[in-house]
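Asker: From the sequence below, what's the structure:
(one chain, ligands or ions: 3)
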Amino acid sequence: MKALLLSEYLNLQLRNLPTPAPGRGELLIEVAACGICGSDVHGYDGSTGRRIPPIVMGHEAAGTVAAVGAGVTDFSVGDRVTFDSTVYCGACEFCRSGDVNLCNDRQVIGVSCGEYRREGAFAQFLTVPARIAYHLPEELSFAEAALLEAVSVALHGVAVSHLSGGETILVVGAGMIGLLLLQAAHASGANPERVFVSDIDSTRLKLATELGASETFLASGAALTSEILRQTNGRGVDLVLEAVGRDETISTAIDCVRKGGTVTLVGNITPQVTLPLQKVVSRQIRLQGSCASAGEYPEAMRHMANGAIDVAKLITAVAPLSDGPSWFARLHAREPNLMKIVLDPRQGYQDEVAVL
Ligand SMILES: NC(=O)c1ccc[n+]([C@@H]2O[C@H](COP(=O)([O-])OP(=O)(O)OC[C@H]3O[C@@H](n4cnc5c(N)ncnc54)[C@H](O)[C@@H]3O)[C@@H](O)[C@H]2O)c1
Ligand SMILES: [Zn+2]
Ligand SMILES: [Zn+2]
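Answerer: Ligands and ions are numbered 1, 2, ... in the order given. Here you go, the predicted model:
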């Protein structure tokens, strides 16, 4: 099969690799779409240490079942499927209580980090355990399905924030995750007139407006805080969904939330920040971390299928696998206005697939 191999840092090559065979409880999936995630771009240059070469990356994928391993009953050859980016064990304390994102044996597809290596979906085929796979509804295209992981991350961020309905919300950062948090907040009962979004990039804010932001702020730090306080009569918002993860944005998030409110931390671009401890304690603010997703895929599919969450505007291009190296280079160079790039390994190799 053709696969995009990270043979060394900053060097992606289209290679012929052996097609894997599904083991017991596994599916062989013919990949039809795989999104390039920010974490793949950070792994590509070695900065995170989580894509140690050689590795086939890619964990935001969908396709059709090409073969099933022994013991698989819920899936058949030809089924359209997607799968969780996390392989969880299904048996540990956390899995048993539904917190599969906190699994003691958690592995991420398309990651090699020293402890494990799992080949990913920038390839014509990959194998995954059937327990992490989902049937894909007809209404969703494969390219849209490649955004399910990010939509699930956003829905999880909103779920752990425990909305009771009608909340005033600020989303800090209008990147892929922020724009999905905005839509997830709307889909989960936030006050439809009061979901604000901030960023320092005006093109991102234009998208935020198109996707339903009540008001956007091209501001950060103290300027953003004063805007938010003005909008809320000095009270602050009920919830801040933080989707950047820098010192300044987290400290501003804490300034923008009302007393007793919640700041949900999704962004984590920096490993460490300074905490304004006394503000958090004396204003009794809840800081809530949010990691990946824990079973939000079906909900994500429902919201996407009924139009409550629109990902079409977030897809910049769908390209063949052979264009992968140049798209990675462009994303790595931080070319402006690029959102999700989806690679389709079927493009250009239809004949070879037919032979397999
Ligand atoms: N917790 C999780 O499970 C999870 C999952 C995926 C991504 N993430 C994290 O979420 C964050 C966002 O990911 P993304 O894919 O949306 O990234 P992205 O690069 O698409 O978006 C980041 C956005 O932040 C904006 N930004 C930068 N500095 C800012 C500032 N000072 N004030 C306001 N906005 C600012 C940028 O202009 C950009 O629009 C990253 O830290 C990523 O690691 C977390
Ligand atoms: Zn991802
Ligand atoms: Zn587990």
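Asker: you'd agree Phe196 is up against Gln231?
Answerer: Yes: the criterion here is Cβ atoms under 8 Å, and Phe196 meets it with Gln231 at 6.8 Å. No exception for glycine: its C-beta is placed from N, CA and C like everyone else's.
Asker: okay, now whatever residue of the stretch 101-250 of the chain ends up closest to ligand 3: neighbour count?
Answerer: Using Cβ to the ion, Cys103 is the residue of the stretch 101-250 of the chain that sits closest to ligand 3, at 3.1 Å. Neighbour count for Cys103, taken as other Cβ atoms under 10 Å: 20.
Asker: any idea how far the closest residue to it other than its chain neighbours is from ligand 3?
Answerer: Excluding the flanking residues, the one nearest Cys103 by Cβ to Cβ, 6 or more residues apart in numbering is Tyr88, at 3.8 Å. In this view, Tyr88 and ligand 3 are 5 Å apart by Cβ to the ion, to the nearest Å.
Asker: okay, now Tyr88: neighbour count?
Answerer: Neighbour tally, Tyr88, other Cβ under 10 Å: 23.
Asker: Arg106 is in contact with that one, correct?
Answerer: Yes: shown here, Tyr88 and Arg106 form a contact pair, counting by Cβ under 8 Å, at 5.9 Å.
Asker: which bits of the stretch 51-200 of the chain sit near ligand 1?
Answerer: Proximity of the stretch 51-200 of the chain to ligand 1 (Cβ under 6 Å from any ligand atom) is limited to residues Val153, Val172, Gly173, Ala174, Gly175, Met176, Ile177, Gly178, Ser198, Asp199, Ile200.
Asker: helix/strand/coil for Ala208?
Answerer: Here Ala208 is recorded as helix under DSSP: H, G, I helix; E, B strand; the rest coil.
Asker: What are the neighbouring residues in contact with the closest residue to it other than its chain neighbours?
Answerer: Nearest residue to Ala208, sequence neighbours excluded (Cβ to Cβ, 6+ apart): Val197, at 4.1 Å. Taking Cβ atoms under 8 Å, 6 or more residues apart in numbering as the contact definition, Val197 lies against Leu170, Val171, Ala174, Gly178, Leu179, Leu182, Leu205, Ala208, Ala213, Glu215, Thr216, Phe217.
Asker: hang on, the earlier thing: now do the residue of the stretch 101-250 of the chain closest to ligand 3, the pLDDT please.
Answerer: pLDDT, Cys103: 98.
Asker: Surely it and Glu93 touch.
Answerer: No: at 9.2 Å, Cys103 does not count as touching Glu93 under the criterion of Cβ under 8 Å.
Asker: Report the contact partners of the residue nearest the centre of the chain.
Answerer: The residue lying closest to the centre of the chain (Cα atoms, centre = their mean) is Ala150, at 2.5 Å. With contact set as Cβ under 8 Å, 6+ apart, Ala150 has these partners: Gly35, Cys37, Glu60, Met176, Ile177, Leu180, Lys340.
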